[in-house]
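Engineer: Let's see this in three dimensions:
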Amino acid sequence: MTGCLMAGAMMIALGTGNSFTLQWTHSVEREEWRETWEVTKDHRLHLTEAAVKGSGAGMEPGPGGHFEEGWWVWAPDLPPVPALTLAASGETPSAWTLCGADCTQLGATSGQPVQVAPCPDAG
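Structural biologist: Residues are numbered from 1 along each chain as shown. Model prediction:
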């Protein structure tokens, strides 16, 4: 199946273009962080854009970063990955917000890490 992610046992539909955003508040700096990901044809996750509202410990904009509508935005040069593992401490200022076709909160309460990966092929 294409056009969806598995987040733990939950299936999340993606919008047009097989992309999704992941947004959270940095645990130390208390600034917003946003990443845009796409599911590749070989069922991997590719980070296409990152953005931060401020800078500080571990939040410096990457190479080519520019200021756009209140965010420092850049395109990381990283290879695709098979999955993302999101911590679920319940102690951070925000849950992870994953937005595909709709938005879902992940890891808001203490629990096991949540693995996010492309849905397996139905064929």
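Engineer: show me where pLDDT drops low in the protein?
Structural biologist: Residues of the chain meeting the criterion pLDDT under 70: 1-2, 26-30, 55-59, 90-93, 122-123.
Engineer: How much space separates the residue nearest the centre of the chain from residue 15?
Structural biologist: In the chain, the centroid-proximal residue (CA atoms, centre = their mean) is residue 22; its distance is 2.9 Å. Look at residue 22 and residue 15: by CB to CB, to the nearest Å, they are 14 Å apart. All C-beta spots, glycine's among them, are computed from the backbone N, C-alpha and C.
Engineer: how close does the closest residue to residue 21 other than its chain neighbours get to residue 35?
Structural biologist: Among residues not flanking residue 21 along the chain, residue 99 sits closest, at 4.8 Å (CB to CB, 6 or more residues apart in numbering). Distance, residue 99 to residue 35, by CB to CB: 11 Å.
Engineer: Wait, the residue nearest to residue 21 touches residue 20, no?
Structural biologist: Yes: counting by CB atoms under 8 Å, residue 99 touches residue 20, with 6.1 Å between them.
Engineer: neighbour-wise, which of those two wins?
Structural biologist: residue 20 (24 against 17; other CB atoms under 10 Å).
Engineer: Quick one: residues contacting the more buried one.
Structural biologist: 5, 12, 14, 36, 37, 38, 98, 99, 100 (CB atoms under 8 Å, 6 or more residues apart in numbering).
Engineer: Do a quick rundown of the strands in this protein.
Structural biologist: Listed in chain order, the strands found in the chain under DSSP state E are 4-7, 10-13, 19-25, 32-39, 45-52, 66-68, 71-74, 84-86, 96-99, 103-106, 114-118.
Engineer: Turn those strands into CSV, columns for distance to residue 60.
Structural biologist: As requested, these are arranged in CSV below (distance: least, CB to CB, whole Å):
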stretch, distance to residue 60
strand 4-7, 28
strand 10-13, 30
strand 19-25, 17
strand 32-39, 12
strand 45-52, 8
strand 66-68, 13
strand 71-74, 8
strand 84-86, 21
strand 96-99, 21
strand 103-106, 25
strand 114-118, 25
